[in-house]
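> The sequence and its predicted three-dimensional model are supplied below.
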Amino acid sequence: MNYIIKRLGQAVLTVFVVVSFSFGLIRLLPGGPMDYLRAQIIQQGGSGLSQEAINMRIEAQTGIDASEPLHVQYVDYMFGLAQGDFGQSIWLGDPVASILGPAIPWTVFLTGTALFLGFIIGITLGAFMAYKEGSRFDVGATGIGLFLNSTPNYVVGLLALTFLGYQWKLFPTGGRYASELNEGFNIPFLLSVIHHGALPILSMALVAFGGWALNMRGNSIRILGEDYLRVARLRGLPTRRIAIRYVARNAILPMYTGLMIAIGVSFGGAIIIENIFAYPGVGFYMIQSINSRDYPLMMGAFILITVAMVIGITIADLTYGWLDPRARGGGSRESY
């Protein structure tokens, strides 16, 4: 119990430090949001206004008193954040929570589906590659896996958008679903959601499965040479039991931590993909907020991505010992 409390405390502290650092960095960089807002007001006919009048206009637009010292702004922001108030978007004029809240499920849909498909296909292919080690299939699949694992997902996304979207017109090139449909749990809407999300999911899943396949192959080959597998074969255990309980179980366990971390990382990894396909998720709004110097929206999106990553790492740390008793006991024997 003390270990759980300690890890949860470290997770909260990590989020606090990252948010605090980001808050100060965004406001201290030259040409930051406040300078951008002041320049906009001057360009809109406010060149004759005093600095105090300009600060009052900024406060009216954003709810933040630009004349306050940085540490006072920080305290106000963190106090509001503790109450669930992420501030008001400068770009859209709505509360940040009301913008990012509806966008979270769409990002989870993209990243979750892509991660699930990439993981399942990857570990299945990796197991076959290990079983047929040295064959043409293994060599060819390893080359493909290395190529995909080293290819950024946005490159695959651009290629898919160009050929499958614009040239062949097999998939939509933007949006979350057809504009003429209303959101609801019905077949036409669900099919439209899948159709619009197919290319972004494909772009992320293709890149992800290469890495999972290579990891699974390496783990399986290592385990196939263990002495306890020879003993299992001499005992006459069924091949299915050996493959599932001995090989697959022990090969997947080392990948569990990477899977949980990937859940958090993929939440932020969809930023470029969502913008390539004009898919309004958290990453889409984060890029738009950067372009428009909308730092409340930028901070809100960054906080969500940070929290997702910290939660994934914390869950992996807390649950790995439960899945693998060797991690609790400090032993090194394989799980039988």
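Okay, I see it. Residues are numbered from 1 along each chain as shown.
> Name the nearest residue to residue 94, ignoring sequence neighbours.
The spatially closest residue to residue 94, leaving aside those adjacent along the chain, is residue 88, at 7.1 Å (C-beta to C-beta, 6 or more residues apart in numbering). Just so you know, the C-beta spots here come from the backbone N, C-alpha and C atoms, and that holds for glycine as well.
> And for that neighbour, the neighbour number?
Neighbours of residue 88 under the rule other C-beta atoms under 10 Å: 20.
> I'd like the distance between it and residue 120.
42 Å (C-beta to C-beta, to the nearest Å).
> Check residue 232 too.
25 Å.
> Between these two, point out the one with more neighbours.
residue 232 (19 against 13).
> next SSE after the helix or strand containing the more buried one?
Assigned by DSSP states H and E, residue 232 belongs to helix 227-234. Note on helix 227-234: by DSSP H and E, the next helix or strand toward the C-terminus is helix 239-241.
> Which other helices and strands does the helix or strand that comes right after that following helix contact?
Using DSSP H and E, the helix or strand that follows helix 239-241 in sequence is helix 249-269. Other helices and strands packing on helix 249-269, by 3 or more C-beta pairs under 8 Å, 6 or more residues apart in numbering; DSSP states H and E, are helix 96-131, helix 187-224, helix 295-323.
> quick check: mean pLDDT across the longest one?
Pointing back at helix 187-224 there. For helix 187-224, the mean per-residue pLDDT is 92.
> Okay, buried residues for that helix please.
Buried positions in helix 187-224, judged by neighbour count with 16 or more other C-beta atoms under 10 Å: 192-193, 196-217, 219-221, 223-224.
> by contact count, what packs against that helix?
Taking 3+ C-beta pairs under 8 Å, 6+ apart as the contact cut, helix 187-224 packs with helix 96-131, helix 136-149, helix 153-160, helix 249-269, helix 271-276.
> And the contacts of stretch 160-174?
178, 195, 196, 198, 199, 202, 203, 276, 277, 278, 279 (C-beta atoms under 8 Å, 6 or more residues apart in numbering).
> What is the nearest of the residues you listed to residue 116?
Nearest to residue 116 out of those is residue 202 (C-beta to C-beta; 13.1 Å).
> Not counting its neighbours along the chain, what's nearest that closest one?
The shortest distance from residue 202 to any residue other than its chain neighbours is 6.0 Å, reached at residue 160 (C-beta to C-beta, 6+ apart).
> any idea how far the one you found lies from residue 121?
17 Å.
> and if you look at residue 55?
As judged by C-beta to C-beta, residue 55 and residue 121 stand 55 Å apart.
> same question, residue 24
Separation of residue 24 from residue 121 (C-beta to C-beta) stands at 43 Å.
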